[in-house]
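Chemist: Dropping the sequence and predicted coords here.
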Amino acid sequence: MPVTGTHCGRDMPLAPGDVSFLHQKQQQLNTMLGERAQAAGATYVDTFAPSTGHDACSPADTRWIEPLRPSSPAAVVRPNERGEQGMATAVLSALKH
């Protein structure tokens with residue numbers, strides 16, 4: 001989710017406050033996952049940062065996550081092909097370091 005939901009429109013019909021809340025929860029979850037990975041000696045790959053600007057409220061030709069009314073063959077509020085490729089790129093980059 002974007003920081004604010006002022007541009008989410010019909011495809012992602014959520015109140016702006018709900019979008020901000022969900023964005024905050026995503027950040028909290030990612031922080032927790034990173035901490036748990038570090039504690040377990042595992043590598044955490046951040047896919048949230050690279051997806052900034054490609055959220056479910058972004059235009060259909062740039063988004064990585066499909067909104068509640070998807071425009072590509074992907075599940076609702078799940079990564080589309082661009083999103084899967086973006087996450088794969090982040091993982092491959094982490095493996096190279």
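Modeler: Looks like it arrived, so ask away. Residues are numbered from 1 along each chain as shown.

Chemist: Which residue ranges of the chain form helices?
Modeler: Along the chain, counting by DSSP state H, helices occupy 16-39, 81-96.

Chemist: out of these, nearest to Gly53?
Modeler: helix 81-96 (10.8 Å; CB to CB). To be clear about C-beta, it is placed using only N, CA and C from the backbone, and glycine gets the same treatment.

Chemist: got a list of contacts for that closest one?
Modeler: 43, 45-47, 50-51, 54, 62-65, 72, 74, 79 (CB atoms under 8 Å, 6 or more residues apart in numbering).

Chemist: can you rerun that using 10 Å?
Modeler: 43-51, 54-56, 61-66, 72-74, 78-80 (CB atoms under 10 Å, 6 or more residues apart in numbering).

Chemist: and Pro79, bridged to which residues?
Modeler: Pro79 has these beta-bridge partners by DSSP bridges: Ile65.
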